[in-house]
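Asker: just need the structure, nothing else, for what follows:
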Amino acid sequence: MSDRAVLHVKGRVLVGRDEDQVRDEVWVVGGRISYDRPAGARDIRTVEGWALPGLVDAHCHVGLGPHGPVEPDVAEKQALTDREAGTLLIRDAGSPSDTRWVDDREDLPKIVRAGRHIARTRRYIRGYAHEIEPDDLVAYVAQEARRGDGWVKLVGDWIDREVGDLAPSWPRDAVEAAIAEAHRLGARVTAHCFAESSLRDLVESGIDCIEHATGLTQELIPLFVERGVAIVPTLVNIATFPQLASGGEAKFPRWAAHLRGLHERRYDTVRDAYDAGIPVFVGTDAGGTLPHGLVAAEVAELVTAGIPPVQALSATTWGARAWLGRPGLDEGAPADLVVYDTDPRADVQVLAAPRRVVLNGTVVS
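Answerer: Modelled structure (predicted):
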């Protein structure tokens with residue numbers, strides 16, 4: 001589209017989740033949303049359909065492969081795959097790669113970075129994280145808070161080989177000091193947590209979000225609600241638990257049984273969290289071993305868990321963008337939107353087939 005061309009998005013533009021937030025049209029001028037037709041516009045291109053703000057994947061790893069960091073050309077393919085799926089805003093929940101170059105590309109999704117994972121020594125996937133001991137946690141959190149875009153990612157639990165099961169990675173005093181330091185530097189903190197036992201210390205220490213949260217129990221739910229802690233369930237990743245359990249059962253039978261139990265109650269866990277008022281957001285855990293472009297599948301999983309379709313859409317659009325401090329289809333906002341043939345509120349499966357993807361005002365797909 002030429003610099004002077006105007007994009008006319010018409011049909012039903014879902015500016016928000018409520019019916020009074022549906023517009024018949026918006027205009028894209030200079031790469032930004034306008035609610036008014038620009039005066040004197042002549043070169044007008046029209047896109048018709050049901051429009052949503054660009055989707056959010058709030059747990060995604062651009063630049064991460066099965067064995068750690070990947071080359072920029074591979075990271076580019078990951079980002080493009082997400083873009084083709086309609087994901088135009090990513091919270092990169094930990095990556096060993098420097099992906100700042102993506103910020104210079106108008107054709108790639110916007111990334112909110114959490115720096116590199118911070119894990120306990122030999123208590124995470126090799127090549128992914130800074131592996132340290134508790135005495136160094138505050139210093140590394142400060143380092144990653146300065147490297148990230150307002151987030152820091154801890155590994156809250158992992159298999160303890162001596163115990164033969166999942167166990168917390170950090171003592172309470174270490175996480176209290178680390179989270180306080182992140183907050184002092186203006187960063188929020190999230191943590192990878194599969195198990196029940198790691199959650200109370202992290203939440204009572206002031207953490208802002210829990211990734212996966214498979215260990216969330218009825219006893220812990222009120223604490224999450226009281227502290228306003230969000231969860232990103234990554235159900236498309238939790239679906240791999242039975243396979244992981246089978247692979248490690250011979251050596252760690254207790255761990256394998258634990259994973260299977262967490263998997264079996266995964267939908268109940270997410271539904272109970274939502275019903276109690278815990279904020280739930282969409283994240284796929286793409287990167288590492290999972291492919292990119294799974295955002296539609298994760299939204300469908302939230303619906304399967306019992307979250308109403310409009311709320312599941314909010315978890316990847318309006319609500320997720322507000323949580324990350326990024327605009328949706330607001331007047332003057334960057335024109336990042338996805339257009340579908342039919343109403344995604346009626347059937348979230350529509351998200352798997354975008355009709356058009358518009359990024360920074362340009363139709364890129």
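Asker: could you pull out the helices in the stretch 101-250 of the chain for me?
Answerer: Secondary structure of the stretch 101-250 of the chain (DSSP state H, counting those that start in this stretch): helices at 137-147, 172-184, 199-204, 221-227, 235-238, 241-248.
Asker: what residues does the fifth one touch?
Answerer: The set of residues that contact helix 235-238 without belonging to it, under Cβ atoms under 8 Å, 6 or more residues apart in numbering, is 212, 214, 262-263, 266-267, 270, 284-285, 290, 294, 297-298, 301-302, 304-305. Just so you know, the C-beta spots here come from the backbone N, C-alpha and C atoms, and that holds for glycine as well.
Asker: now, of these, which are buried?
Answerer: For these, a neighbour count by 16 or more other Cβ atoms under 10 Å gives the buried set as 212, 214, 262-263, 266-267, 270, 284-285, 290, 294, 297-298, 301-302, 305.
Asker: of those, which is the nearest to L80?
Answerer: The nearest member of the buried ones among the contacts of helix 235-238 to L80, counting by Cβ to Cβ, is L294 at 14.4 Å.
Asker: now the closest residue to the closest one other than its chain neighbours: which helix or strand?
Answerer: Excluding its sequence neighbours, the residue lying closest to L294 (Cβ to Cβ, 6 or more residues apart in numbering) is T284, at 4.2 Å. Of the helices and strands defined by DSSP states H and E, none includes T284.
Asker: give me every residue that touches T284.
Answerer: So T284 contacts D57, H59, C60, T234, V236, N237, L290, H292, L294, V295, A297, E298 (Cβ under 8 Å, 6+ apart).
Asker: any chance of the backbone angles for E48?
Answerer: The phi/psi pair for E48 (degrees, to the nearest 10) reads phi -120, psi 150.
Asker: look up how far D341 lies from the residue lying closest to it once chain neighbours are set aside.
Answerer: Distances taken as Cβ to Cβ, 6+ apart place G11 nearest to E48, at 4.8 Å, with adjacent residues excluded. Taking Cβ to Cβ, to the nearest Å as the measure, G11 falls 10 Å from D341.
Asker: also G261?
Answerer: For G261, the distance to D341 equals 41 Å [Cβ to Cβ].
Asker: from the helices of the stretch 101-250 of the chain, which stretch is densest packed?
Answerer: Ranked by mean neighbour count, these are led by helix 235-238 with a mean of 23 (mean count of other Cβ atoms under 10 Å).
Asker: what's the average pLDDT for it?
Answerer: Helix 235-238 comes out with an average pLDDT of 98.
Asker: can you report how many residues lie near the residue nearest to Q349 when sequence neighbours are not counted?
Answerer: Spatial nearest neighbour of Q349, chain neighbours left out: A300 (6.2 Å); criterion: Cβ to Cβ, 6+ apart. When neighbours are counted by other Cβ atoms under 10 Å, A300 registers 20.
Asker: kindly state the pLDDT recorded for S2?
Answerer: Note for S2: predicted pLDDT of 43.
Asker: same deal with T87?
Answerer: If you check T87, the pLDDT there is 98.
Asker: check whether it really touches G54, as I assumed.
Answerer: Yes: using Cβ atoms under 8 Å, T87 is in contact with G54, at 7.2 Å.
Asker: so what sits against both of the two?
Answerer: P109.
Asker: out of the contacts of T284, which sit inside helices?
Answerer: Judged by DSSP state H, helices contain the following of the contacts of T284: V236, N237, V295, A297, E298.
Asker: what is the rounded mean pLDDT of stretch 60-73?
Answerer: Taken as a whole, stretch 60-73 has a mean pLDDT of 96.
Asker: show me what contacts A174?
Answerer: Contacts of A174 by Cβ under 8 Å, 6+ apart are P134, D135, L137, V138.
Asker: all the strands of the stretch 251-365 of the chain, in order from the start?
Answerer: All strands of the stretch 251-365 of the chain, identified by DSSP state E, counting those that start in this stretch, fall at 337-340, 356-359, 362-363.
Asker: tell me the most buried of those strands?
Answerer: Comparing the strands of the stretch 251-365 of the chain by mean neighbour count (mean count of other Cβ under 10 Å), strand 337-340 comes out on top with a mean of 25.
Asker: for it, name the packing helices and strands.
Answerer: strand 6-14, strand 44-53, strand 356-359 (3 or more Cβ pairs under 8 Å, 6 or more residues apart in numbering; DSSP states H and E).
Asker: could you dump that strand to CSV, C-alpha only?
Answerer: Provided in CSV are the C-alpha atoms of strand 337-340 (Å, rounded to 0.1, in the frame of the first residue of the first chain):
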residue,chain,number,x,y,z
LEU,A,337,-5.6,-6.1,13.5
VAL,A,338,-6.8,-9.4,12.2
VAL,A,339,-9.9,-9.8,10.0
TYR,A,340,-12.1,-13.0,9.9
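Asker: what strands line up against that strand, and which way round?
Answerer: Each strand paired with strand 337-340, and its direction, by DSSP bridges: strand 44-53 (antiparallel), strand 356-359 (antiparallel).
Asker: export the ones you listed to a markdown table and tack on mean pLDDT and distance to K77?
Answerer: Putting the strands paired with strand 337-340 into a markdown table (pLDDT from 0 to 100; distance: least, Cβ to Cβ, whole Å) gives the following:
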| stretch | mean pLDDT | distance to K77 |
| --- | --- | --- |
| strand 44-53 | 96 | 24 |
| strand 356-359 | 98 | 16 |
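Asker: quick check: which of these is buried the most?
Answerer: Counting by mean count of other Cβ under 10 Å, strand 356-359 has the highest mean neighbour count of the strands paired with strand 337-340, with a mean of 22.
Asker: centre of the chain to it, how far?
Answerer: 19 Å (Cα atoms, centre = their mean, to the nearest Å).
Asker: and if you look at stretch 292-301?
Answerer: With Cα atoms, centre = their mean as the basis, stretch 292-301 stands 11 Å off its chain's centre.
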